[in-house]
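Asker: make a model of this:
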Amino acid sequence: MASKIRRGDNVVITTGKDKGKEGRVLSVDHKKSKVLVEGANKIKKHQKANQQNPQGGIIEREAPLHISNVAYLHKGKPTRIGFQVEMVDKGGKSVKVKKRVAKTTGEVID
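Answerer: Numbers count the residues shown, from 1 in each chain. I've put the predicted structure just below:
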């Protein structure tokens, strides 16, 4: 199944402690239905000293959110996403092409 939210999309958080925050999706985990949003859902993690961080200590980083707790931002407003299937001729063969569509405006996203 095609994912409605993809890496690089701008989203707004709809529930939780960061409700209303906007950010870009850094990664999507399809198996767990989680997304990582830039600058949102920050947690503090106690990090042991290692090669990358020889000092160790408490670091702050983003934690994943459930995909149902974010909404796609289309022209500055949150919207749901649907799919539109078109038949396109490629070299004499008709091929189905699936496109994401904003439900509020009906415009093709990509």
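
Asker: which residues in this structure form strands?
Answerer: Here the chain has its strands, by DSSP state E, at 10-13, 22-29, 34-37, 42-47, 57-62, 65-66, 70-74, 77-79, 81-90, 93-102.

Asker: from residue 37, how far off is the closest residue to residue 13 other than its chain neighbours?
Answerer: Nearest residue to residue 13, sequence neighbours excluded (Cβ to Cβ, 6 or more residues apart in numbering): residue 21, at 5.0 Å. For the C-beta atoms, the positions are set from N, CA and C on the backbone; glycine is no exception. Separation of residue 21 from residue 37 (Cβ to Cβ, to the nearest Å) stands at 8 Å.

Asker: who's more crowded, the two?
Answerer: residue 37 (26 against 16; other Cβ atoms under 10 Å).

Asker: right, and the strands of the chain - which one's nearest residue 4?
Answerer: Smallest distance to residue 4 across the strands of the chain (Cβ to Cβ): 4.3 Å, for strand 81-90.

Asker: TSV please, covering the strands of the chain and showing distance to residue 110 and mean pLDDT.
Answerer: As requested, those are exported to TSV (distance: least, Cβ to Cβ, whole Å; pLDDT from 0 to 100):
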stretch	distance to residue 110	mean pLDDT
strand 10-13	13	96
strand 22-29	14	95
strand 34-37	17	96
strand 42-47	29	94
strand 57-62	24	93
strand 65-66	22	94
strand 70-74	11	95
strand 77-79	14	94
strand 81-90	10	90
strand 93-102	6	90
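
Asker: any chance of these in CSV, plus distance to residue 108?
Answerer: Shown next, in CSV, are the strands of the chain (distance: least, Cβ to Cβ, whole Å):
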stretch, distance to residue 108
strand 10-13, 16
strand 22-29, 19
strand 34-37, 22
strand 42-47, 34
strand 57-62, 30
strand 65-66, 26
strand 70-74, 11
strand 77-79, 13
strand 81-90, 7
strand 93-102, 5
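
Asker: and among the ones you listed, the most buried is which?
Answerer: strand 34-37 (a mean of 22; mean count of other Cβ atoms under 10 Å).

Asker: partner strands of that strand and their direction?
Answerer: Strand 34-37 pairs in its sheet with strand 22-29 (antiparallel), strand 65-66 (antiparallel), by DSSP bridges.
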